[in-house]
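Student: please work out how this folds:
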Amino acid sequence: MTANQTRAADETAIRNVLKGVYEARTANDADAFVAEYTDDASAILPGSYRKSREEIRESMKAGFSTFLKGSTTTDKVLSIRFLNNDAAVVVSETGILFPGESEVLEGRLVVASWVLTRQDGKWLLAAYQNSPAFMHQG
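Tutor: All right, here's what the predicted structure looks like:
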């Protein structure tokens, strides 16, 4: 396999990790949501810091059973940048849609960064962070 083919395969694998997270998010499934996180993964969102896969899972489980129940997201990968052969940073844009909504409302669009690491040949999420975005950004 050439270097370009390897990089394309890695990019596909990374997109599939994110796809799994997005699908679990839509299904309100906290266990599936963190299935491809490292044990020591972290998540930083406005006002919160979660220091492990278990903390992230518990937080998502609580959200899925209350304020996030029935919500979905719009998700768009903006870039994938490889730091080396076993680490990558993804930048994405996500918006939350609550039941009955067809457009992301002002204030619910975020730009996120994901840090992924390859462990034992498999890409896993090591860190996530998001910040509010302005609706006019592209």
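Student: who's in contact with the longest helix belonging to the chain?
Tutor: Secondary structure of the chain per DSSP state H: the longest helix is helix 3-26. Where contact means C-beta atoms under 8 Å, 6 or more residues apart in numbering, the residues beyond helix 3-26 that reach it are 1, 30-33, 35-36, 72-73, 75, 77, 80, 82, 88, 90, 92, 114, 116, 118, 122-125. Bear in mind the C-beta positions are built from the backbone N, C-alpha and C, glycine included.
Student: which of those fall within helices?
Tutor: Within those, residues falling in helices by DSSP H are 30, 31, 32, 33.
Student: and the second one, what does it touch?
Tutor: Put plainly, it is residue 31. Listed by C-beta under 8 Å, 6+ apart, the contact set of residue 31 reads 24, 57.
Student: cool, and the first one?
Tutor: Residues touching residue 30, when contacts are defined by C-beta under 8 Å, 6+ apart, comprise 24, 57, 58, 60, 61, 64.
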